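*Asks:* pasted the sequence and its predicted model underneath.
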Amino acid sequence: MREERLEAYLNLIQVLLSSSSGEEMEILQTNQALIDAGLVQTMEAVAAMLAERGDGDAAEWLRNVAAPMVTEMGNSSSTPTVVKRIPESPLQFLTEVLQATADSNGDRKVVYPLLQANLDQLNEKLAEILHDWAMIILPQVEPQEAKFIGATIGGFSNLMAQFPLGDKEKNLEIAITGYEIVVTVFTREASPNEWATTQNNLGNAYRNRIQDDLADKDMAVRADRLERAIACYEQALQIYTRQAFPQDWAMTQNNLGNAYRDRIRGNRADNLERAIACYRQASEIYTREASPDKWATIQNNLALASENCEASNVPI
C-alpha cells in the first residue's frame, strides 16, 4: 500500500471517528474514490488498535461502518476482493513485545526470552504489521507520546538486529522496518542526535542484510543494500562531525569504510581507496592508547582493505 493512499485512508477514518452520529454515510459518499479493499483493511487495523487501547465501543462502531463495504464487495459481479486483515495473534505479539521493550528499557534479558518463545512470529508479516501499526497509531497521538513510541520501536529494532536466534535475514528486515519508522519520528530538524544514531543503525542493518550465500542473480539486491547503507552513514556524518561528536564520527567512519570495502557499484580501486581513508580517519580518534579494542578492530579492517587492494592490483 502506497504511503499517500494509506495517509488518505487514515485521514478519512479520523474524520469518521470524529463525526456526529448519522454523518458517516454522507462522509463516505463524498469520498467514494477511497472506498476499496485497502480502506476496509485499514479500518480493521484501526479498529484492532482501538480495541487494544481499551476503546471497544469505537472499535465496534468502526467495524459496523466497514461491514456494508465488505458485503458490497462480496456481492460484486466482478472477482471478489480479498480483504486483508491484521491477524490478532501477530498484532498481540507485537504489542506485547513493544510493551516489554518499553517496560524493561530494552533489556535483552527480558525481551529475548519472549522472542525465543515466539520464533514463528519473527517474519516478514511482523515487519508489515509493525509498519502498518505505526502508520496508524503515530498520527493519532500527541508528539511526546509519539517520541516515546518511536524510542520504543528503536530499542526493539536494536534488539532484533542483534538477536542471535531464528532467521537472521528476517530479523534484520524487522529491524530495518523499525528504524525507517523511527527516522520519521525523530527527524533531522527536531532531533538531530537521535536521527543520526538511527541512520547509523539503519546503515548497519542494511550492510548486515547482505548474506554470503546469496546467489549471483541477487547481486543487484546486494549492491542496492550497500548503496543504502552508504547513504545512511553519510547522512549520519552530517550530524556526527569530528569536532562535535568525535567518538560517533570515528565509529561511523569505520562503518562507512566497511561499506565501501564491500561496495559492488563504482570503480573497485576508488571504493577501496575510500575505505582505507575512512579507516585511517577513524584511527585518529580510536588510538591504540585511548581505545585499544576499537583501534585493533580498525587495524584489522584496514589490513583487509589493503589485502583487497593488493589482490586487485590497486596501489595503496
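*Replies:* Received it, and whenever you're ready, just let me know what you need.

*Asks:* low-confidence regions, the stretch 101-250 of the chain specifically.
*Replies:* For the stretch 101-250 of the chain, applying pLDDT under 70 flags the ranges 211-217.

*Asks:* so where do the helices sit in it?
*Replies:* Applying DSSP state H, counting those that start in this stretch to the stretch 101-250 of the chain gives helices spanning 108-116, 124-137, 143-162, 168-185, 192-208, 219-239, 246-262.

*Asks:* how about the second one: buried residues?
*Replies:* Judged by neighbour count (16 or more other Cβ atoms under 10 Å), helix 124-137 contains these buried residues: 126, 127, 128, 129, 130, 131, 132, 133, 134, 135, 136, 137. Backbone N, C-alpha and C define where each C-beta goes, glycine included.

*Asks:* closest to residue 50 out of the helices of the stretch 101-250 of the chain?
*Replies:* Nearest of those to residue 50, taken as Cβ to Cβ: helix 124-137 at 9.7 Å.

*Asks:* which other helices and strands contact that closest one?
*Replies:* Applying 3 or more Cβ pairs under 8 Å, 6 or more residues apart in numbering; DSSP states H and E, we find helix 124-137 packed against helix 3-18, helix 37-52, helix 88-104, helix 143-162, helix 168-185.

*Asks:* could I get these as TSV with distance to residue 232 and mean neighbour count?
*Replies:* Listed next are those as TSV, based on distance: least, Cβ to Cβ, whole Å; neighbours: other Cβ atoms under 10 Å:
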stretch	distance to residue 232	mean neighbour count
helix 3-18	19	16
helix 37-52	29	21
helix 88-104	22	17
helix 143-162	13	20
helix 168-185	9	22
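
*Asks:* can you redo the ones you listed as JSON lines with distance to residue 293?
*Replies:* Converted to JSON lines, those look like this (distance: least, Cβ to Cβ, whole Å):
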{"stretch": "helix 3-18", "distance to residue 293": "42"}
{"stretch": "helix 37-52", "distance to residue 293": "44"}
{"stretch": "helix 88-104", "distance to residue 293": "27"}
{"stretch": "helix 143-162", "distance to residue 293": "18"}
{"stretch": "helix 168-185", "distance to residue 293": "24"}
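
*Asks:* quick one, which of those helices is nearest to residue 298?
*Replies:* Across the helices and strands packed on helix 124-137, closest to residue 298 is helix 143-162 (Cβ to Cβ), at 20.8 Å.

*Asks:* residues in contact with the closest one?
*Replies:* Residues outside helix 143-162 that contact it (Cβ atoms under 8 Å, 6 or more residues apart in numbering) are 97-98, 101-102, 105-106, 108, 111-112, 115, 122, 130, 134, 137-138, 141, 171-172, 174-179, 181-182, 184-186, 191, 194, 198, 201, 204-205, 208.

*Asks:* returning to that earlier point: wait, which of the helices of the stretch 101-250 of the chain is closest to residue 68?
*Replies:* Comparison of the helices of the stretch 101-250 of the chain against residue 68 by Cβ to Cβ identifies helix 124-137 as nearest, at 21.7 Å.

*Asks:* just the angle for that closest one relative to helix 88-104, thanks.
*Replies:* Using axes from the mean of the first three to the mean of the last three Cα atoms, to 10 degrees, the inter-axis angle of helix 124-137 relative to helix 88-104 is 70 degrees.

*Asks:* and helix 124-137, how far out from the chain middle?
*Replies:* Mean-position distance between helix 124-137 and its chain equals 10 Å (Cα atoms, centre = their mean, to the nearest Å).
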